[in-house]
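Trainee: After the sequence you'll find the predicted model.
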Amino acid sequence: MAQTDVDDANDTKVLVALRVRPLSHKELEDCNGEADVQIMDKRHVIVKIMPKSLDDPLRGNRHREKRYTFDYAFDEHTDQAEIYNLTTRILVDGVLEGFNATVFAYGATGAGKTYTMIGTPDSPGIMVLTLQDLFERISKSDEANEFSFKVTFNYLEVYNENIQDLLSPSSVYLDLREDPVKGMCVAGISDWEVSSAADILELLRRGNRHRSQVTSLGSTTAG
Ligand SMILES: Nc1ncnc2c1ncn2[C@@H]1O[C@H](COP(=O)(O)OP(=O)(O)OP(=O)(O)O)[C@@H](O)[C@H]1O
């Protein structure tokens, strides 16, 4: 999901995209090669709901279908670059002009959030592609002497409703406050000045060691 406070090309403030990942071997076996989710035309999704019991006297073994509509619905063949280009690249201009933007992934465990956001060295995800784009644009702007940018980074975890600064961990949790200038903010979080995508990926790796729920950043690089 991506959110911006500037209008993007679609003139919308919130964009919701669904991504279907390839089925694992086990999932393919379980469904006899027949997936329960079908993407129709990059926007519409049909989900098959199988009857709880095949002995259901009313429905037999017939399934029901539910249809959903998204701004984008990506099938399992969609690559990382297409996802980035259609959901997130549109936000970078606004960010460089000082607007806020948020992109987050939501889904069950194993749904593909980490793959979509971080990806692999061969197939970098949204976060890595955004950072590459952002710093490339900043360096072009520096060369052209247009603007000078300062980029700072912070990394926090909300776990059991407690906020922890992953780059400056302590036993004291941080508070969420409403600041008259900045709006909602986490009071006392440490801000780190960075000058490249590699700096941020290094800080993410450092912060991940303090997460309550650990996911590996592997050897993801900024490329
Ligand atoms: N689009 C995709 N193409 C290929 N493999 C994928 C894709 N999405 C996810 N996977 C693979 O599926 C597995 C689960 O994905 P991932 O770890 O990203 O899930 P997650 O939502 O982050 O899970 P968790 O919430 O448990 O951390 C991984 O092995 C990942 O490489």
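Mentor: Received, thanks.
Trainee: so Ala81 touches Leu129, yeah?
Mentor: Yes. At 7.1 Å, Ala81 counts as touching Leu129 under the criterion of Cβ atoms under 8 Å. In short, each C-beta sits where N, CA and C put it, glycine included.
Trainee: Can you name the residues of the protein that neighbour the ligand?
Mentor: For the chain, the contact set with the ligand under Cβ under 6 Å from any ligand atom comprises Arg21, Pro22, Gly107, Thr109, Gly110, Ala111, Gly112, Lys113, Thr114, Tyr115, Thr215.
Trainee: Next up, the contacts around the first one.
Mentor: Put plainly, it is Arg21. Taking Cβ atoms under 8 Å, 6 or more residues apart in numbering, we find Arg21 in contact with Glu76, Ala111, Gly112, Tyr115.
Trainee: Give me the distance between the last one and Ile90.
Mentor: According to Cβ to Cβ, to the nearest Å, Tyr115 stands 21 Å off from Ile90.
Trainee: Going along the chain, name the helices of this protein.
Mentor: For the chain, the helices defined by DSSP state H occupy 25-30, 80-87, 89-96, 113-117, 126-143, 197-208.
Trainee: packing partners for the fourth one?
Mentor: Using 3 or more Cβ pairs under 8 Å, 6 or more residues apart in numbering; DSSP states H and E as the contact criterion, the neighbours of helix 113-117 among helices and strands are helix 126-143.
Trainee: Buried residues, the helix it packs on. List them.
Mentor: Ile126, Met127, Val128, Leu129, Thr130, Leu131, Gln132, Asp133, Leu134, Phe135, Ile138 (16 or more other Cβ atoms under 10 Å).
Trainee: pretty sure the fourth one contacts Gln80?
Mentor: Same thing as Leu129. Yes. Using Cβ under 8 Å, Leu129 is in contact with Gln80, at 7.0 Å.
Trainee: picking up where we left off before, make CSV out of the helices of the chain and add mean pLDDT.
Mentor: Rendered in CSV, the data for the helices of the chain read as follows (pLDDT from 0 to 100):
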stretch, mean pLDDT
helix 25-30, 88
helix 80-87, 97
helix 89-96, 94
helix 113-117, 95
helix 126-143, 92
helix 197-208, 93
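Trainee: So which of those helices is nearest Glu161?
Mentor: Proximity to Glu161, assessed across those by Cβ to Cβ, is greatest for helix 197-208 (19.3 Å).
Trainee: Check the offset of the closest one from the chain's centre.
Mentor: In this view, helix 197-208 has its centroid 16 Å away from the chain centroid, taken as Cα atoms, centre = their mean, to the nearest Å.
Trainee: Pull up the per-residue confidence for the nearest residue to Trp192 once chain neighbours are set aside.
Mentor: The shortest distance from Trp192 to any residue other than its chain neighbours is 4.9 Å, reached at Phe153 (Cβ to Cβ, 6 or more residues apart in numbering). Per-residue pLDDT puts Phe153 at 95.
Trainee: got a list of what Phe153 touches?
Mentor: Counting by Cβ under 8 Å, 6+ apart, Phe153 makes contact with Asp191, Trp192, Glu193, Val194, Asp199, Ile200, Leu203.
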